[in-house]
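**Q** just need the structure, nothing else, for what follows:
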Amino acid sequence: HFEELRLGLIHLRQVNQQLSVGPKALVKNNLETFVECHDTLTAMHQMLLRNESMSEGGSLTEKLEFILKDTVKCAEELFHDVLSRKDRADSMRSALNIMHRFRFLFSLPRNIEKNIKNGEYEIVINDYERAKSLFADTELNVFKKVLTEVETLVQGFREQLVKKLQELPSTLDEQKRLIRYLMELHSDGDPAWMCIQNQHEWLIRLIQSCKADYQGGPAGSKPVSETEPPFGGVPVLTFPADGPPSSNAYNRDETKAPQQVLFVEEVSALVTESVPDLWRLAQAYFSGSLVQGMDSSKLKMRNPHGEKKFQSMISEITNLYSDLVRASFFPGFLDELANGTRHMKERREAINTFEPFEDCQLDRSSAWLPFCVRQIRSTLNFLQEMSLKPDVLICIAETGIVLQSHCASVLTEHTVVDIRNLHMRENWKVEADEGGCITSLPILFENRVMDWVLSLREVILDGSSASMQEGKQKSLEVRSTQLFIKVLCAFAGCLDSSTLAEAIHEEEDSSRGHRGSLSYPSSALLNDHEITDDVPSPAKQLLIVMSNCAHCYDFIIARLANFFESHGYPGGNEAKLTAQEALKEVDNKAFTRYIELKAQPIRVRIQEGIFTGGYNFAECARPKGVRPYLQDMLLELVRVHLEVFSISSSLVHRVLAALLDIIADTILTVLRAVPEFSTNGALQAKLEILALEQTLSAYKSEVSITHLKQSKELLSERAETSAEDQMTLLDLVMEFRQRNLLQLLCFVPTRAGRNSAKTRR
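**A** Have a look, this model is predicted:
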């Protein structure tokens, strides 16, 4: 194959060489022939000229010219219509080419209408700018006509954007986008400043409207849970950290806040939600960053006093807000404004008409004062973060100080009443926390006490210590310690009231109404399905109370004592010990009641189960295993373990140990009442005692150990057993444990739960 390729290459080179020298060789070899041809053509030309001059008819081409003209005339007559249609088609084709070439301009009006309708404003602006740059200097009438139509549409679009910019509320991003659109469309005037002025006027109207809304209805007519949001779809009023006040002194619906409290929160929400957007919009406007390419120097030349005017706008908003809040609680403040300086009179005129709230005497709203103070302080802090000038925030700060000082006179009294009534808000919904499950009561209690300490610190120490004599200040601190003890101990009464009286009453009613046929009504507590899903069984309520007590004992009381001392008050440790003793008393009462409820059905099972089927310890067969009553009793303990563990693992050891004490005492009592034991009967009883002892070995106490030991000694005295019997007992116990391994696993205690139980004891 390679040889063939080499021969082919040689042949190609030869052909190429022949082609390159072929024309030259042809001319060189046939030069004589070329010369003869040239001479022949020259002779023919001379002969043609001679014949033409000698001819009588003139030039030979004249006749040819006549024939050709006649041919052309005939052709025109034949093809005139065809050529006319061709010219018309060429004209139409040329027009179509022009329309296709400038189709962007001719379709622009329709595209603008469509894009405006679809909200594609960016495309409208880009197309408009492109058309202006391409055809602004055109002299063609058709182009001018199209541009006039486009300008009409764009002007309508500008008016639409201006109208949309004036619609409030709207987000800051939306406002910036609309302003950018208007400036890119070269709108007349200053759309950014117009937006700032419009938003300021709208916020003033909104605050006035809020005042009119809350003064238009009776006090407390708007429940906290049904307060409508001012805008944006976000509910305005929420419970404060301490929840709605629950003082019995109100004698009104506790889920309804006073009107001025609702008003303070809503107007605070209006200010905190609207002023930041207004401020950011103005800062972007003055800095020139609102629209890319804006020159801030030209802006200042166009609006030289804009920043000063804007500060006046913000001052007007803050003055109106603080004056309305202050007048809501102290109507006499309006008279002070009316009789004050010219500036104060202007502030009074800005409020317009103001009707005092029906409960402005603070018979209900006094307990809400800490919440209102926090609202005002939160608003002030929020506005300070925006680097507003201090001059515009002085009025809000003064209003906060006035309400704060008045709050000190009513705070302590209402705090104690609120804590005592916290049990009225118990919903029995548990959540996992440190060491077990708790309801909302401990957290509400902790938040309420912390709010009280913080408010007392703000009002008494921070606000008045500078002007207070040293003796009075120390006396107040000592009194504050006693009040702190009273506040902490009030929660023990709250927990005591939450279930110990009501749960017993409910359980007795439930037992009489639903389980009247049973021999022991407390067994009704063992079935949680008999209680509604929202409210647990009374027994479980007792567990929740113990878990709440334990959580407060271990964590909350200590935290509150440290919190109290960290704010400059003495006696935190004394208050902690007193409160822990009160909680321990409540815990013992709940524990005793719970053990009574769970022990009664277990006693009955043992007393009846030992002699089930007429079992006789004196005449019985050799034991083959643990009898069903003990298995049923252990399953009962499994259910108790599950119930307790679901609330607090630290209570498991304490509860099961107490129940084991009762079980051991009951077994000992029953065995003592048996008149006679055979060897098989003693083996059966020992088998059941060993199974119980090994299963619950982790929960044995001195009491249960003593009772079980006495039971085994009693059986040894009544009947003798051999070594073989002992081996049989061990085999049967092992067989019992293997068969019930899954059920008995729950009795393996956790180290944390056992240690916690021992520590609390």
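**Q** which residues of the stretch 351-500 of the chain fall in strands?
**A** 431-433, 436-438 (DSSP state E, counting those that start in this stretch).
**Q** so of those, which one's packed in deepest?
**A** When you average the neighbours per residue for each of these (mean count of other C-beta atoms under 10 Å), strand 436-438 leads with a mean of 23. In this view, the C-beta of every residue, glycine as well, is placed from N, C-alpha and C.
**Q** sorry, back to before: can I get the strands of the stretch 351-500 of the chain in a markdown table with distance to residue 706 and mean pLDDT?
**A** Shown next, in a markdown table, are the strands of the stretch 351-500 of the chain (distance: least, C-beta to C-beta, whole Å; pLDDT from 0 to 100):
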| stretch | distance to residue 706 | mean pLDDT |
| --- | --- | --- |
| strand 431-433 | 37 | 81 |
| strand 436-438 | 30 | 81 |
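**Q** how about JSON lines for these, with distance to residue 488 added?
**A** Shown next, in JSON lines, are the strands of the stretch 351-500 of the chain (distance: least, C-beta to C-beta, whole Å):
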{"stretch": "strand 431-433", "distance to residue 488": "19"}
{"stretch": "strand 436-438", "distance to residue 488": "17"}
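**Q** between these, which gets nearest to residue 369?
**A** Nearest to residue 369, of all these, is strand 436-438, at 29.0 Å by C-beta to C-beta.
**Q** which residues does the closest one contact?
**A** If you take C-beta atoms under 8 Å, 6 or more residues apart in numbering as the criterion, strand 436-438 is touched by 430-431, 544, 547-548, 550-551, 646-651.
**Q** so which of those is the closest to residue 149?
**A** residue 431 (67.4 Å).
**Q** quick check: closest non-adjacent residue to residue 407.
**A** Using C-beta to C-beta, 6 or more residues apart in numbering and skipping residues adjacent in sequence, the residue nearest residue 407 is residue 369, 4.0 Å away.
**Q** could you pull out the strands for the stretch 1-150 of the chain?
**A** For the stretch 1-150 of the chain, strands defined by DSSP E, counting those that start in this stretch do not occur.
**Q** show me the contacts for residue 580.
**A** Contacts of residue 580 by C-beta under 8 Å, 6+ apart are 553, 557.
**Q** need the three-state assignment for it.
**A** helix (DSSP: H, G, I helix; E, B strand; the rest coil).
**Q** all helices of the stretch 451-600 of the chain, in order?
**A** 463-464, 470-495, 502-514, 538-551, 557-566, 572-609 (DSSP state H, counting those that start in this stretch).
**Q** and the buried ones among the contacts of strand 436-438, selectable in ChimeraX?
**A** Listed next is the ChimeraX selection for buried residues among these, using 16 or more other C-beta atoms under 10 Å:
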select :430,544,547,548,550,551,647,648,649,650,651
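**Q** which of the contacts of strand 436-438 sits closest to residue 733?
**A** residue 649 (27.5 Å).
**Q** now do the closest one against residue 584, distance only.
**A** Here residue 649 is placed at a distance of 20 Å from residue 584 (C-beta to C-beta, to the nearest Å).
**Q** what does stretch 553-567 rub up against?
**A** By C-beta under 8 Å, 6+ apart, the surrounding residues in contact with stretch 553-567 are 434-435, 442, 445-446, 449-450, 453-454, 457, 461, 484, 488, 572-573, 575-576, 579-580, 583-584, 587, 760.
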